[in-house]
Structures are given as C-alpha cells and as structure tokens.
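Engineer: The following comprises the amino acid sequence and a computationally predicted model.
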Amino acid sequence: MIKSKSWKWEIVDENNAKCWRNPAIESYYLINRWKQQDKNKFLDLGCGLGRHSILFAGNGFTTWAFDLSAYAVTRTKEWAKTEELAINCTVGDMLQLPYDDSQFDCILCRNVISHSDTEGVKKILEEIFRVMRPRGECYVTLGSKNAWGFHQSWPVVDENTKIRVENGPENGIPHFYADINLIEKLFKKFEIISVQHINEFINDNELHSVGWHWHILFCKH
Ligand SMILES: C[S@@+](CC[C@H](N)C(=O)[O-])C[C@H]1O[C@@H](n2cnc3c(N)ncnc32)[C@H](O)[C@@H]1O
C-alpha cells in the first residue's frame, strides 16, 4: 500500500483558501437529511481547513474533525475557537482511524479517500464501515476515470492510481480514479443510496474545473 501524504495547505494562499472555506452544496442537503433522521455524531473525515466541521457543529451536530495535515487541523481548531464551537480535532491517517467501532451516525469525506491507491481505498472503506453505526450514513466523493488527471502521464502506482506531479498543494500525492463497475465492487459491503457523476468547477477568481468526481451516499446495514 502506498504511503499516505497530506495536502500542503501551508502553500495555499489566502485568495485560494477562500473557496475552501465555503461549504460544498451537498452539505446543506446532508444536514437537513441527517437532522430528520436524528443523527448527531458527525465525522468530517479529511477536514482540510474545516469548512464542513464548522457548518455541522454550528448546526448542532457533535463534531469530530480529522486530517493528516497538522497545519489544516490547527486552522480548523482556530476557526472553531473563533466561532465558539466545540469540535474534537485530531491529526491522523485515515488508513487507521483512532475511533471506536460504531462511533458515528454520519460521515462526510469530500475529495479525501482518493488520496491513496487501490489497496488503501479498500482499507479506508473498511475503517469507515467499522466506525459507522448500523444505519449510519456516509457521503464520499471519489475521483472519476473521466477526470483529466487519470489521463496525464504521471507516475503510475496501480491500474487505478497515479501520483500527481505539479506545483501546488497536491504535488506528490496519490490520486485514485474509479469507474462505475469499480464503485459497485468497492461498496459491496454497504447499501448504496445514491451515486452522482459530477464535473465540478470552483471559482478562484476564474472558473476552474476540479474535474469529474463520483458523489456517493451510502449506509451500513
Ligand atoms: C481536497 S482536500 C479536502 C478537504 C475537505 N474535505 C474539504 O472538502 O474542504 C483533501 C484533504 O484530505 C487530507 N488527506 C489526504 N490523505 C489523508 C489521509 N491519509 N488521512 C487523513 N487525511 C488525509 C488532506 O490533507 C486534505 O486536507
């Protein structure tokens, strides 16, 4: 399995960091959905600068924020303090989560689990399964084989994984890409609730595609 590597958030300038402070659109849907289901214990897996931790904690969820980047976790902690929100912040590797079995009602893991290879993604999904309560739900996004990155001549790790080579916070980080057949296999242990295939653009002074991703909502039986 490839060694994990965090994002280098330290080099993301304040202008670009702005878009990483606005919650993703689906997070509002998930808050509504999970409140209606009386879910409360929420894990922001791969929290980055903490945009979803802050949103969920502010909406009454008991929130845990977790990331491999100590810098990102410190930024999340500082933001939580400013907002006077209690968030349990931890630095660690998603390949081995420091949480109890069945600890969480709901998990959001946006553009995170693709930062490993095929063996790693399988291990992370096992960890997600372990820490989810029965009938717990999780929303993940995964890189798609339609994405530009999968077709670059970057170093190959395995048939689904390349190492991104470019200047920026993701330099040297593994990127895993899936198609729908692989998704069916990877999520066999779960019940899939919905799958979307989305080409997302972010506005960092100009519209800029972050590529095709799978958005998958699933639950543990
Ligand atoms: C694209 S950012 C997304 C951040 C956040 N989910 C968001 O939507 O704002 C990916 C995050 O995954 C984290 N990450 C990468 N590999 C990780 C690992 N093995 N364990 C925990 N976090 C990891 C990175 O450090 C980075 O903060």
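Structural biologist: Yep, it's here.

Engineer: Mind picking out the helix or strand in this protein with the poorest mean pLDDT?
Structural biologist: helix 14-19 (a mean of 80; mean pLDDT, DSSP states H and E).

Engineer: what's stretch 63-77 in contact with?
Structural biologist: Residues outside stretch 63-77 that contact it (C-beta atoms under 8 Å, 6 or more residues apart in numbering) are 4-10, 41-50, 53-54, 56-57, 80, 85-94, 97, 99, 104. From N, CA and C alone the C-beta is placed, and that goes for glycine too.

Engineer: name the element residue 106 belongs to?
Structural biologist: Using DSSP states H and E, residue 106 sits within strand 104-109.

Engineer: Now do that strand, average pLDDT.
Structural biologist: Regarding strand 104-109, the rounded mean pLDDT is 98.

Engineer: Close to the ligand: what parts of this structure are there?
Structural biologist: 4, 6-7, 20, 46-48, 51, 67-69, 72, 93-95, 110-112, 115 (C-beta under 6 Å from any ligand atom).

Engineer: starting at the chain centroid, how far to the helix or strand hosting residue 66?
Structural biologist: Residue 66 belongs to strand 62-67 when assigned by DSSP H and E. Distance, stretch centre to chain centre, for strand 62-67: 12 Å (C-alpha atoms, centre = their mean, to the nearest Å).

Engineer: same deal with stretch 33-47?
Structural biologist: Mean-position distance between stretch 33-47 and its chain equals 14 Å (C-alpha atoms, centre = their mean).

Engineer: CA atoms only for it - export them in CSV, please.
Structural biologist: Presented in CSV, the C-alpha positions along stretch 33-47 are these (Å, rounded to 0.1, in the frame of the first residue of the first chain):
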residue,chain,number,x,y,z
ARG,A,33,-31.4,14.8,5.8
TRP,A,34,-29.4,13.7,8.8
LYS,A,35,-31.3,16.0,11.2
GLN,A,36,-34.6,14.4,10.0
GLN,A,37,-33.0,11.0,10.8
ASP,A,38,-32.0,12.2,14.3
LYS,A,39,-28.3,11.7,13.5
ASN,A,40,-25.9,13.6,15.7
LYS,A,41,-22.4,12.2,15.9
PHE,A,42,-20.7,13.6,12.8
LEU,A,43,-17.2,12.9,11.5
ASP,A,44,-15.5,15.3,9.0
LEU,A,45,-13.0,12.8,7.6
GLY,A,46,-10.2,14.7,5.9
CYS,A,47,-11.5,18.0,7.2
